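Student: Sequence first, then the predicted structure:
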Amino acid sequence: MTRGPATPTGSYPRTRMRRNRRHDWLRRMVRENNLTPDDFIWPIFVQEGDQAETPITTLPGVSRMSVARAVEAAGEAKALGVPSIAIFGVIDSALKTPLAEEAWNPENLICRTVAAIKQVHGDMGIVCDVALDPFNSDGHDGIVRDGQVANDETIEALVRQSIVQAQAGCDIIAPSDMMDGRIGIIRDALDDEGFEHVAIMSYAAKYASVFYGPFRDAVDSAGFLKGAGKDTYQMDPANTDEALREVALDIDEGADMVMVKPALPYLDIIGRIKQRFGVPTFAYNVSGEYAMISFAAQAGAFDRDQAMMEVLTSFKRAGADGILTYFAPDAARLMADM
Ligand code: PBG
């Protein structure tokens, strides 16, 4: 059926939104947010021993790496334009204790990895997680006393952990433990030890999320937690105002950058934090988000690359300045080929 000119409704037909979508060059020209490898921090898992890689079944395509392999992988990421990596360790069960002392052993797996990577790739940024869960026989981020995660005693341990990481050459200390008051105390301790140039990226709004599941498999903390939750320190997924308060406190205590975690179910939180505070804001595209996309793509639900790019772009659109993502090398490789 042919029809005459449409009846004007509002600004139509003079305004036609589709005009700007007609060509690829035009869509690129009007694009508001562009993803680049500069946006990425690549989280990696390191393990003891000579085995170069051990696959993680719940994270298809991600492996635990030996220190030597991690040094190589860092170089590969750097060549793809990824500026920095975040290091997580798989600690031998025998070294896990109720007080998590291995966390501040200057020769622990994390410190050795930082030093090894820095020695070869001195111009790459290194982010280290500060929390006790990989080292703690209770699987919690803090020290357990009488069935509770003890806030202030945990902070003393986190301070020691931060100092050995800074000594090893870490550029950004990233406390993910959610204890109250730890940012200011860690900042003071770093300054006292002459590490005033070491930055703090606070996991400021970290929710008690089911999407950390594959990560807990990867660092082998799930078994030690024995089904316990982290709800007494991580945030309630139903809350927004509380996230803004957490961020305000951490900035006040000296955080240089803040993070929202997980990312995809919390885009509103990323947006509100960036708008309200205007500080460098990072999104952690966590293990469960990565797993969701990987397994759905494996099942044929959609194309993995397209899903990856759409989701990563959504974090930038929401206001994130950077993204921690296991997709970093794959996405950077895809951009290099485009
Ligand atoms: C530990 C920590 C967790 C993650 C980063 N640091 C897990 C947790 O809080 O239980 C999760 C990252 C991911 O799922 O990719 N403090």
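Tutor: Thanks, I have it.
Student: mind listing the helices for the stretch 201-338 of the chain?
Tutor: Along the stretch 201-338 of the chain, counting by DSSP state H, counting those that start in this stretch, helices occupy 213-218, 222-225, 241-253, 267-277, 287-298, 304-318, 328-337.
Student: Tell me which of those helices lies nearest to residue 204.
Tutor: Among the helices of the stretch 201-338 of the chain, helix 241-253 comes nearest to residue 204, with 4.4 Å by CB to CB. The way it works is simple: take the backbone N, C-alpha and C, and place the C-beta from them, glycine included.
Student: before we move on, the earlier item: would TSV of the helices of the stretch 201-338 of the chain with mean neighbour count, distance to residue 163 and mean pLDDT be doable?
Tutor: As requested, those are exported to TSV (neighbours: other CB atoms under 10 Å; distance: least, CB to CB, whole Å; pLDDT from 0 to 100):
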stretch	mean neighbour count	distance to residue 163	mean pLDDT
helix 213-218	21	25	94
helix 222-225	15	25	88
helix 241-253	17	17	98
helix 267-277	19	28	98
helix 287-298	19	28	98
helix 304-318	18	32	98
helix 328-337	18	28	97
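Student: And the ones you listed: which comes nearest residue 12?
Tutor: Closest among those, using CB to CB: helix 304-318, at 25.9 Å.
Student: can you state the direction angle for that closest one and helix 287-298?
Tutor: Per axes from the mean of the first three to the mean of the last three CA atoms, to 10 degrees, the angle that helix 304-318 makes with helix 287-298 is 140 degrees.
Student: Pull the distance from the helix-or-strand element of the chain with minimal mean pLDDT to the chain's centre.
Tutor: Taking mean pLDDT, DSSP states H and E as the measure, the helix or strand of the chain with the lowest value is helix 222-225, at a mean of 88. Helix 222-225 has its C-alpha centroid displaced from the chain centroid by 21 Å (CA atoms, centre = their mean, to the nearest Å).
Student: what's that helix packed up against?
Tutor: Where contact means 3 or more CB pairs under 8 Å, 6 or more residues apart in numbering; DSSP states H and E, helix 222-225 is packed against helix 213-218.
Student: Any residue of the helix it packs on touching the ligand?
Tutor: Yes. Against the ligand, helix 213-218 shows contacts by CB under 6 Å from any ligand atom at 215, 216.
Student: can you list contacts of that helix?
Tutor: Residues outside helix 213-218 that contact it (CB atoms under 8 Å, 6 or more residues apart in numbering): 45, 56-59, 62, 64, 88, 90, 139, 222, 225, 286-288, 290-291.
Student: What of stretch 100-108?
Tutor: The contact list for stretch 100-108, computed with CB under 8 Å, 6+ apart, reads 89, 91, 95-96, 111, 132, 134-137, 143, 157, 160-161, 163-164, 167-168.
Student: so who does residue 46 touch?
Tutor: Taking CB under 8 Å, 6+ apart, we find residue 46 in contact with 64, 65, 66, 67, 70, 87, 88, 89, 90, 109, 110, 113.
Student: correct me, but the second one touches residue 45?
Tutor: Yes. With contact taken as CB atoms under 8 Å, residue 65 and residue 45 are classed as touching, separated by 6.7 Å.
Student: returning to that earlier point: alpha carbons of the least confident helix or strand of the chain, as CSV, please.
Tutor: Provided in CSV are the C-alpha atoms of helix 222-225 (Å, rounded to 0.1, in the frame of the first residue of the first chain):
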residue,chain,number,x,y,z
ALA,A,222,34.5,-21.2,47.8
GLY,A,223,35.3,-24.5,49.6
PHE,A,224,36.7,-22.7,52.6
LEU,A,225,33.7,-20.4,52.8
